[in-house]
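A.B. asks: Got a predicted structure plus its sequence, pasted below:
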Amino acid sequence: MSLRIKTLPIVYVIIFSALMYGCTLLFPENNLNFEGSWQFALAVFTLGLILIATGGIQFRRAGTTVNPMTPGNSSSLVMTGIYAYSRNPMYVGFLLFLIAVAIVVANIVALVFLPLFVLAMNYLQIQPEENALEDLFGEEYRQYRKRVRRWL
């Protein structure tokens, strides 16, 4: 594997959240507020939590590792349930967390961090995971990758 996973994905979520909050301090003229933003953010956050929990539960039921730092320890390929729609529902959940943060901080500049998070996850997390899964599961994983999108 050419890339190595060095950080837990939740650490990226925390860093990106802090950067998004920083936008409210550095660029206060770009702050926007709208009625019901907290309720909307809570709904988006909850959806993210459901995706993360569902993905984790499916991994546990399959008896494979949930640890994103060691994808090479996977004992089975999970391709059903939520994984029939997204190869990375837990990362979609983390993205939804950040969307909820963006709604709460309500700063236009903070939106820049959403695609940057996707790029960071694709390069730093997902690509090494995919390399490890292809090494482990070969053609079965390649076929799954053709059928199911990386994010949504």
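C.D. replies: Received it, and whenever you're ready, just let me know what you need.
A.B. asks: which non-adjacent residue is nearest the residue nearest the centre of the chain?
C.D. replies: Geometric centre of the chain, nearest residue: Tyr91, 1.6 Å, by C-alpha atoms, centre = their mean. Once flanking residues are discounted, Tyr91 sits nearest to Met121: 5.3 Å by C-beta to C-beta, 6 or more residues apart in numbering. (Glycine included, C-beta is placed from N, CA and C.)
A.B. asks: just Phe97 next, same as before
C.D. replies: Distance criterion C-beta to C-beta, 6+ apart; nearest residue to Phe97, sequence neighbours excluded, is Gly48 at 4.7 Å.
A.B. asks: so which strand or helix has that neighbour?
C.D. replies: helix 37-62 (DSSP states H and E).
A.B. asks: so what's the residue located most distally from the centre of the chain scoring on pLDDT?
C.D. replies: The outermost residue of the chain relative to its centre, with distances by C-alpha atoms, centre = their mean, is Glu29 at 29.5 Å. Residue-level confidence at Glu29 comes out at 94, pLDDT.
A.B. asks: Over to Ala110?
C.D. replies: For Ala110, the model assigns a pLDDT of 97.
A.B. asks: ok, now Val118?
C.D. replies: We have a pLDDT of 98 for Val118.
A.B. asks: Over to Val66?
C.D. replies: pLDDT, read off for Val66, is 91.
A.B. asks: That one should be in a strand, yeah?
C.D. replies: No: going by DSSP: H, G, I helix; E, B strand; the rest coil, the assignment for Val66 is coil, not a strand.
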